[in-house]
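Peer 1: Need a 3D model of the following:
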Amino acid sequence: MGGYLSRGYLDPIFLFIHPSNSSSDNDFEAFKNGSGKYKNWLINLRRFKDHQLDQKSEKIFLDKNLTSNSSWVRFFEEQINDLKFLINGKEHNSSDALNLLSDHDEEIRKKAALSIESVFQNNVKTFTFITNTLAKDKITNDKWRNYTSPVESRNLTNNVEGEVVDALTKSVTSNYKNISHRYYEIKSKLFNKKQL
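Peer 2: Residues are numbered from 1 along each chain as shown. Prediction:
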């Protein structure tokens with residue numbers, strides 16, 4: 001659920017989702033077939049049935065999300081947005097600095113990369129702490145919800161089977177060498193360089 005929604009706003013949604021996912025397959029089919037334009041939404045919602053907790057636990061997770069995952073994501077975004085990068089004597093925000101990595105001028109790209117590296121290195125403790133906290137939060141949620149792998153919840157959200165993702169991952173990783181060589185070959189042509 002969204003990170004900045006108040007607890008009170010989510011109550012009506014929660015009070016609908018939990019009972020619909022707790023219903024028997026026959027009751028759900030009847031409900032789904034009479035739901036009109038909401039049918040696909042209900043089908044997508046039902047895929048999470050096996051990972052749904054009892055109502056009291058779900059309410060606790062909902063309340064805790066506002067002070068755990070959502071807060072850390074917001075803190076990370078604020079930290080990134082507050083960073084300043086000095087490039088060519090001019091101060092840039094993170095978005096502008098990252099855009100300079102694609103500048104056609106090689107010298108500007110190099111200066112941007114060095115500035116970004118320096119600023120991120122100076123903030124590595126903060127970003128490491130945020131990342132580790134979010135990772136542990138995900139591990140805890142996945143354990144309670146009985147997910148068998150770290151990507152299972154994402155696959156359900158994306159409406160894609162784990163086997164398909166595994167096959168794609170295997171295909172990409174087995175072609176790392178070819179993909180990276182081709183990428184840099186294309187990039188060198190775009191920048192009119194023999195070598196990057």
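
Peer 1: hey, where'd the strands end up in the protein?
Peer 2: 85-87, 90-92 (DSSP state E).

Peer 1: Packing partners of the last one?
Peer 2: Taking 3 or more CB pairs under 8 Å, 6 or more residues apart in numbering; DSSP states H and E as the contact definition, the neighbouring helices and strands of strand 90-92 are strand 85-87. Where C-beta positions appear, they are placed from N, C-alpha and C, glycine not excepted.

Peer 1: what's the neighbour count on Tyr147?
Peer 2: Taking other CB atoms under 10 Å as the neighbour definition, Tyr147 ends up with a count of 19.

Peer 1: if I look at it, how far off is Gly162?
Peer 2: With distances defined as CB to CB, to the nearest Å, the gap from Tyr147 to Gly162 amounts to 10 Å.

Peer 1: And for Leu168?
Peer 2: The spacing between Leu168 and Gly162, counted by CB to CB, is 11 Å.

Peer 1: More neighbours: which of those two?
Peer 2: The residue with more neighbours, out of Leu168 and Gly162 and counting by other CB under 10 Å, is Gly162; that gives 14 against 11.

Peer 1: Most tightly packed of the strands of the chain?
Peer 2: Ranked by mean neighbour count under mean count of other CB atoms under 10 Å, these are led by strand 85-87, which reaches a mean of 18.

Peer 1: how far out from the middle of the chain is that one?
Peer 2: Taking the mean C-alpha point of strand 85-87 and that of its whole chain, the gap between them comes to 28 Å (CA atoms, centre = their mean, to the nearest Å).

Peer 1: partner strands of that strand, parallel or antiparallel?
Peer 2: Strand pairing for strand 85-87, using DSSP bridges, gives strand 90-92 (antiparallel).

Peer 1: Number of residues surrounding the residue nearest to Arg47 when sequence neighbours are not counted?
Peer 2: Using CB to CB, 6 or more residues apart in numbering and skipping residues adjacent in sequence, the residue nearest Arg47 is Leu156, 5.1 Å away. Neighbourhood size, Leu156 [other CB under 10 Å]: 17.

Peer 1: can you list the domains in this protein?
Peer 2: In the domain annotation for the chain, the residue ranges read 7-66, 161-196 (automatic domain parsing).

Peer 1: and those as TSV, adding distance to Asn81?
Peer 2: Rendered in TSV, the data for those read as follows (distance: least, CB to CB, whole Å):
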stretch	distance to Asn81
domain 7-66	21
domain 161-196	28
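
Peer 1: Out of those domains, which one sits most buried?
Peer 2: domain 7-66 (a mean of 13).

Peer 1: Quick one: distance of that one to the chain centre.
Peer 2: From the chain centre to the centre of domain 7-66 is a distance of 22 Å (CA atoms, centre = their mean).

Peer 1: now do stretch 165-184
Peer 2: 21 Å.

Peer 1: how close does the most centrally placed residue in the chain get to Ser24?
Peer 2: Residue closest to the average C-alpha location in the chain (CA atoms, centre = their mean): Arg154, at 8.6 Å. Distance, Arg154 to Ser24, using CB to CB: 28 Å.

Peer 1: can you check Lys138 too?
Peer 2: For Lys138, the distance to Ser24 under the criterion CB to CB works out to 31 Å.
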